[in-house]
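> dropping the sequence and predicted coords here.
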Number of protein chains: 2
Amino acid sequence: MPKPAPEPEVAPPRENAIASPLAESPAFLVRLAQLRAFDEFHRNFAELGVTPAGFSVFALIVANPGIRPGAIAEELRVKPSNVAVLVNGLVAAGLVRREADQAELRASLLHPTAAGSRAWREMDRTHRETDAQFAAGLTPAERSQFVTLLRKLLHR
Amino acid sequence: MPKPAPEPEVAPPRENAIASPLAESPAFLVRLAQLRAFDEFHRNFAELGVTPAGFSVFALIVANPGIRPGAIAEELRVKPSNVAVLVNGLVAAGLVRREADQAELRASLLHPTAAGSRAWREMDRTHRETDAQFAAGLTPAERSQFVTLLRKLLHR
DNA sequence: AGGGGATTATTATGCAGCTTAATAATCACT
DNA sequence: AGTGATTATTAAGCTGCATAATAATCCCCT
């Protein structure tokens, strides 16, 4: 029996392995990563009946009671019209209430309800778990580095 | 008058800045990054009439002439049914042709047409530009680090 | 005052991308 | 030959998102 075929040094597609021309593309890899993130999210939040977008809106309201829809839209890079329907969902679920702003009658101020604050604790815990699963392949140091790079990339 | 309220040590939002409870969440940041990636993509590829998904399928076909739809679906984490319609688009655009596999009559082998190979050069160039814009906030070293971390994270 | 244009929010409508289910053809195995 | 699994495509439906339309309020300027 001849000695086993030596593995090539670089880009070593096996017999019938396929070349991945996008494997070095940051944008493409980010897309793949996000698919996985949503997978993890749905697996963990299936019970809680919240979508990723709804969760992020809720998180902002809990962290900033009295925040206005426009601010949420800006922060999350979604359109104000979307925020409205997401808030509708949270209100229907009894997690959030709209309050009138006396000094700005156009605006509505968003607050978590008591039930919302209670539900948040569970969601926050679940979210931390989800993040941990998502970044499970990275050491803590790498994870922190990863976050730093993402933030730098995002801030223009 | 008592001494002024001390600013909290961490998460020091300015007067009316809003707290971003998700700013440390890898999954959330990845989502934001992907939104920006699609933005860049659409800005650059608007002329070429290709979607991100269509582009990634085309890239795989060019790099692996004769590849089968099922392999593409697996590689890109999309459903086979999606691959079929994306390939339909590429065929309609004259970039790709389907060929019968003699040894496996169920399968179809995908090849770029001559026009497809020509068009690819332009697309590849544009894609490199897009990636560069996307990662413009990072130094080359950081960018390479970023890609490494993404790949590690994705390979479980 | 009060009228015109800008701001804020919500609702309504439409569409692209994706999923699941249904259909068709072929293969592998007994 | 026949049955169940594989491969691909088509069809139908849903979700999330964007744009446009509507409504109410605010700002400012004459």
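Received it, and whenever you're ready, just let me know what you need. Numbering: from 1, shown residues only, chains lettered A, B, ... in the order given.
> could you use CA atoms for every contact and neighbour count after this?
Will do.
> where in chain A is pLDDT low?
Per-residue confidence for chain A (pLDDT under 70) gives these ranges: A:1-16.
> redo that, cut-off 90
Chain A contains residues with pLDDT under 90 at A:1-20, A:46-49, A:100-107, A:155-156.
> show me the contacts for the closest residue to DNA strand C within it.
Here chain A gets closest to DNA strand C at one residue, A:G70, 3.2 Å apart by CA to the nearest atom of the strand. With contacts taken as CA atoms under 8 Å, 6 or more residues apart in numbering or on different chains, A:G70 has the following neighbours: A:P80.
> show me what counts as buried in the helix or strand where A:A53 lies.
A:A53 is part of helix A:52-63 when elements are defined by DSSP states H and E. Neighbour-count burial for helix A:52-63 flags A:54-63 (criterion: 16 or more other CA atoms under 10 Å in any protein chain shown).
> whether it contacts DNA strand C - can you check?
No: contact between helix A:52-63 and DNA strand C, assessed by CA under 7 Å from any atom of the strand, is absent, since the two come no nearer than 11.8 Å.
> that helix packs against which elements?
For helix A:52-63, the helices and strands in contact under the criterion 3 or more CA pairs under 8 Å, 6 or more residues apart in numbering or on different chains; DSSP states H and E are helix A:69-76, helix A:80-92, strand A:108-112.
> which of those is buried the deepest?
Comparing the helices and strands packed on helix A:52-63 by mean neighbour count (mean count of other CA atoms under 10 Å in any protein chain shown), strand A:108-112 ranks first with a mean of 22.
> got a list of contacts for whatever helix or strand comes next after that strand?
Heading C-terminal from strand A:108-112, the first helix or strand you meet, by DSSP H and E, is helix A:114-134. Residues from elsewhere that reach helix A:114-134 (CA under 8 Å, 6+ apart): A:36-37, A:40-41, A:44-45, A:48, A:62, A:94-96, B:25-27, B:153.
> so what's the residue nearest the centre of chain A up against?
With distances taken as CA atoms, centre = their mean, A:P52 lies nearest the centre of chain A, 6.0 Å away. Under the criterion of CA under 8 Å, 6+ apart, the neighbours of A:P52 are A:38, A:41.
> how far away is it from B:P26?
Between A:P52 and B:P26 the distance is 13 Å, computed by CA to CA, to the nearest Å.
> other residues contacting stretch A:53-61?
Residues from elsewhere that reach stretch A:53-61 (CA under 8 Å, 6+ apart): A:67, A:72, A:76, A:83, A:86-87, A:89-90, A:110-112, B:19-22.
> and these, which is closest to B:A135?
Checking the contacts of stretch A:53-61 against B:A135 with CA to CA, the nearest one is A:L76 at 20.0 Å.
> check contacts around that closest one.
Taking CA under 8 Å, 6+ apart as the definition of contact, the neighbours of A:L76 are A:56-57, B:32.
> ok, and the closest non-adjacent residue to A:R31?
Closest residue in space to A:R31, ignoring its immediate chain neighbours: B:Q34 at 5.8 Å, by CA to CA, 6 or more residues apart in numbering or on different chains.
> surely the one you found touches A:V30?
Yes: with contacts defined as CA atoms under 8 Å, B:Q34 counts as touching A:V30 at a distance of 5.9 Å.
> circling back to that earlier point, quick one: the helices and strands packed on helix A:52-63 as a markdown table, columns for distance to B:L149 too.
Compiled in a markdown table, those are given as follows (distance: least, CA to CA, whole Å):
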| stretch | distance to B:L149 |
| --- | --- |
| helix A:69-76 | 24 |
| helix A:80-92 | 32 |
| strand A:108-112 | 37 |
